[in-house]
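Next come a sequence and a model predicted from it.
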Amino acid sequence: MDWKEHGVKIVRAGELDPNTPQTAGMSRAAAITHARTGASRLWAGTVIVQPDAKTGPHHHGELETVLYVVRGRARMRWGERLEFSDEAGPGDFIYVPPYVPHQEINASPNEACEAVVVRSGQDPIVVNLNLKTPEPAGSGKPGAPFHPDK
């Protein structure tokens, strides 16, 4: 086995790929994909939700998703009518089962919410849903971009 070619891969912070399916109100960037590292059963990347921003309702098909909150405060809504809600902060993990309609909300009016995302497959499945939510999608503070420069 050529371990140099088929061993550990490091994706540097400045090398994340924003060319991945998006949902209004957040910025996703891919780090671990088949094309970039040879991964065959995992996808990993980052997500940033700007202050006061709320994503549109969506799900990720058959994929399981784990988020690890690095900074800020994330409020998650989920359910057929997004009727359930809970919050997570730095150091907390969030698990989203397959096909669960959900919405990410930055619970802070002043700080971006940043998380690491890992999914159980390589397909970039993002199914944006036309659901009424108690917290309609929005970009947050005026002038805050969905896709910040890093």
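Alright, I've got the coordinates.

From now on I want contacts and neighbour counts done on CA atoms only, so please keep to that.
Noted.

Now do the strands in this protein.
For the chain, applying DSSP state E gives strands covering 27-32, 43-49, 58-59, 65-71, 74-78, 84-88, 93-96, 102-106, 113-119, 127-128.

which one of those strands is the most hemmed in?
Greatest average neighbour count among those goes to strand 102-106 (a mean of 26), per mean count of other Cα atoms under 10 Å.

Nearest residue to the middle of the protein?
In the chain, the C-alpha nearest the mean C-alpha coordinate belongs to Val47, at 4.2 Å (Cα atoms, centre = their mean).

mind listing what the closest residue to it other than its chain neighbours touches?
In this structure, Val47 finds its nearest non-sequential neighbour in Arg28, 4.5 Å apart by Cα to Cα, 6 or more residues apart in numbering. Arg28 makes contacts with 18, 20-22, 45-48, as judged by Cα atoms under 8 Å, 6 or more residues apart in numbering.

pLDDT and distance to Ala112 for these - can I get that in CSV?
Output for the contacts of Arg28, formatted as CSV (pLDDT from 0 to 100; distance: Cα to Cα, whole Å):
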residue, pLDDT, distance to Ala112
Pro18, 89, 17
Thr20, 85, 20
Pro21, 81, 20
Gln22, 80, 17
Gly45, 94, 16
Thr46, 94, 13
Val47, 92, 10
Ile48, 92, 7
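
Could you double-check that Val117 sits in contact with Ala44?
Yes. Using Cα atoms under 8 Å, Val117 makes contact with Ala44 at a distance of 5.5 Å.

quick check, nearest of the contacts of Arg28 to Lys4?
Nearest to Lys4 among the contacts of Arg28: Gly45, at 23.4 Å, using Cα to Cα.

Using JSON lines, please lay out the contacts of Arg28 together with distance to Ile10.
Listed next are the contacts of Arg28 as JSON lines, based on distance: Cα to Cα, whole Å:
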{"residue": "Pro18", "distance to Ile10": "17"}
{"residue": "Thr20", "distance to Ile10": "19"}
{"residue": "Pro21", "distance to Ile10": "23"}
{"residue": "Gln22", "distance to Ile10": "24"}
{"residue": "Gly45", "distance to Ile10": "13"}
{"residue": "Thr46", "distance to Ile10": "15"}
{"residue": "Val47", "distance to Ile10": "19"}
{"residue": "Ile48", "distance to Ile10": "21"}
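
Since that was my last question, I'll sign off now.
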